[in-house]
Every structure is written in C-alpha cells, then in structure tokens.
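Novice: sequence below, structure please.
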Amino acid sequence: MKLTILTPNKQIFEGHITSVTIPGSAGAFQILANHAPIISSLEPGKITYVNEGEKNELMIQQGIVSAHDNQVTILVEI
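Specialist: Below you'll find the model as predicted:
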C-alpha cells in the first residue's frame, strides 16, 4: 500500500507501507491493505506507520486522511 504524508510546505513521506495508525476525530484507527475507501478528519496525536519492517512516528496538530485503492494520502499540520 502506498502512503503519502504532506504538510502545506513539504512532503514528509512517500513510500510503500504495511500499515498506518491515525488519530481520527472519532478515535484512532488503523488502515491496512485493501481497506474500504475512507475520508476522515484528524485530531492532534501520533501517526504511526510501518515501512520495510521499521516503525515510524509523526506527531501532528490536525489533518485529513483519504484512502482508496491501496493509496493513503494524509494532509497534516505539524
């Protein structure tokens, strides 16, 4: 699954991942391969994604996530 994380000023990450956990406005949730399409607002918290077996974390203030067809795009303010 492909993940892209963007801020208003730059691209933070782009690559293939196995999972991503996101602080949604209704609570944290995880996106795995073949997840149903979703668009959600994000609350302050931590995004955690696994890239090549390595766990990466990013603290955010707010944002939006869109996922469909194994492509996840996260627009955030950090």
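Novice: tell me the residue furthest from the middle of this protein?
Specialist: N9 (17.1 Å; CA atoms, centre = their mean).
Novice: so it: helix, strand or coil?
Specialist: Following DSSP: H, G, I helix; E, B strand; the rest coil, we place N9 in the coil state.
Novice: separation between it and N34?
Specialist: The gap separating N9 from N34 is 32 Å, by CB to CB, to the nearest Å. Any C-beta I mention is one placed from the backbone N, CA and C, and that applies to glycine too.
Novice: who touches the spatially most central residue of the chain in this structure?
Specialist: Closest residue to the average C-alpha location of the chain: I74 at 4.9 Å, with CA atoms, centre = their mean. Contact partners of I74, counting by CB atoms under 8 Å, 6 or more residues apart in numbering, are L3, T4, I5, L6, V20, I22, L42, I47, G63, I64, V65, S66.
Novice: make TSV out of these and add secondary structure.
Specialist: Shown next, in TSV, are the contacts of I74 (three-state DSSP):
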residue	secondary structure
L3	strand
T4	strand
I5	strand
L6	strand
V20	strand
I22	strand
L42	strand
I47	strand
G63	strand
I64	strand
V65	strand
S66	strand
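Novice: out of those, grab the one that's most surrounded.
Specialist: Within these, most neighbours by other CB atoms under 10 Å means L3, with 26 neighbours.
Novice: ok, it - contacts?
Specialist: F13, E14, G15, H16, I17, V20, Y49, N51, V72, T73, I74.
Novice: partner residues bridging it?
Specialist: Using DSSP bridges, the beta-bridge partners of L3 come out as G15, V72.
Novice: quick one on the thing from earlier: relative to A26, how far out is the residue nearest to the centre of the chain?
Specialist: I74 is 16 Å from A26, where distance means CB to CB.
Novice: how about V20?
Specialist: When V20 is compared with A26 (using CB to CB), they lie 17 Å apart.
Novice: also Q71?
Specialist: Taken as CB to CB, the span from Q71 to A26 is 22 Å.
Novice: higher neighbour count, these two?
Specialist: Between Q71 and A26, counted using other CB under 10 Å, the more crowded position is Q71 (11 against 8).
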